[in-house]
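J.: For reference, the sequence and a predicted model appear below.
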Amino acid sequence: MGKAKLKSLESQEIVEFDVVTEERPEMNTEVSEHPIEDGASVSDHVALRPISISMNGVVAGEGAGDKIGKLRSWRNDRHRLRYTGRNIFKNYVISEMQTEHDARVGDGFRFRLVLQQVRTVKPSLVEITNADPAPAETPVANKQATTTAVKQVEDKGRAQFDNTGHPALGQVEQQADRYAGHPAMGQVG
């Protein structure tokens with residue numbers, strides 16, 4: 001594929017790769033498994049996952065040691081990066097880094113990197129106003145007008161008791177009388 005480079009958005013330093021043999025951007029979506037109403041907005045039930053890109057390549061030559069050191073440092077310090085190759089991705093971090101050091105690339109290394117998108121949001125300020133502001137000349141005690149309605153309390157505590165004075169026993173006796181002789185309830189009493 002050709003050359004590519006990573007640029008730190010923190011330090012503005014650049015690492016150039018001699019050859020990137022493969023780029024694999026992954027754009028996944030998480031979809032709710034629950035059914036939604038016909039005609040409802042689908043976007044409320046679909047979440048976009050952060051984009052990731054995996055790449056394989058080779059770094060060789062005199063500066064290979066400095067480049068691997070810088071990549072390790074960016075990973076450890078969680079630098080936000082911009083990748084420029086066949087694709088361009090901005091605001092990514094190194095989520096995986098693998099290097100191979102063997103005789104095939106004697107003066108460098110082969111690598112596999114996975115970059116993952118870092119999503120950012122900007123906080124917004126919202127002005128909150130008092131819904132019922134009091135006029136300036138109103139005394140402090142009457143700063144906000146409120147109304148209170150009191151429901152009349154009914155004493156139903158005595159209504160639960162029957163002549164026997166025990167609420168549970170009285171209810172059983174009353175139900176037994178009501179269903180006496182009923183085929184499903186049998187003869188009670």
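T.: All right, it came through fine.
J.: Which residues are in contact with the spatially closest residue to residue 11 that is not a sequence neighbour?
T.: Excluding its sequence neighbours, the residue lying closest to residue 11 (Cβ to Cβ, 6 or more residues apart in numbering) is residue 79, at 7.0 Å. Where C-beta positions appear, they are placed from N, C-alpha and C, glycine not excepted. Neighbouring residues of residue 79 by Cβ atoms under 8 Å, 6 or more residues apart in numbering: 8, 9, 10, 11, 73, 93, 94.
J.: swap in residue 99?
T.: Residue 99 sits in contact with 68, 109, 110, 111, 112, where contact means Cβ under 8 Å, 6+ apart.
J.: Can you flag which of these belong to helices?
T.: Using DSSP state H, the subset of the contacts of residue 99 located in helices is residue 68.
J.: out of the contacts of residue 99, which are buried?
T.: Buried by 16 or more other Cβ atoms under 10 Å: 68, 109, 110, 111, out of the contacts of residue 99.
J.: Make JSON lines out of those residues and add pLDDT and distance to residue 24.
T.: JSON lines is the format used below for the buried ones among the contacts of residue 99 (pLDDT from 0 to 100; distance: Cβ to Cβ, whole Å):
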{"residue": "68", "pLDDT": "92", "distance to residue 24": "21"}
{"residue": "109", "pLDDT": "91", "distance to residue 24": "20"}
{"residue": "110", "pLDDT": "90", "distance to residue 24": "16"}
{"residue": "111", "pLDDT": "93", "distance to residue 24": "14"}
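J.: Go through those residues and say which is closest to residue 4.
T.: Relative to residue 4, the closest of the buried ones among the contacts of residue 99 is residue 111; by Cβ to Cβ it sits at 11.2 Å.
J.: now, which of the contacts of residue 79 lie within helices?
T.: residue 73.
J.: Filter the contacts of residue 79 down to just the buried residues.
T.: Counted by 16+ other Cβ under 10 Å, the contacts of residue 79 give 8, 93, 94 as buried.
J.: Please report the distance of the first one from residue 95.
T.: Right, the one you point to is residue 8. Per Cβ to Cβ, to the nearest Å, residue 8 is found 16 Å from residue 95.
J.: just residue 42 next, same as before
T.: 29 Å.
J.: Settle it for me: which of these two has more neighbours?
T.: Neighbour count, other Cβ atoms under 10 Å: between residue 42 and residue 95, residue 95 has more, with 15 against 9.
J.: got a list of what residue 15 touches?
T.: Here residue 15 is in contact with 5, 6, 67, 70, 71 (Cβ under 8 Å, 6+ apart).
J.: what's the answer for residue 72, then?
T.: Contacts of residue 72 by Cβ under 8 Å, 6+ apart are residue 97.
J.: measure it to residue 109 for me?
T.: 12 Å.
J.: next one: residue 66
T.: On the measure of Cβ to Cβ, residue 66 and residue 109 end up 12 Å apart.
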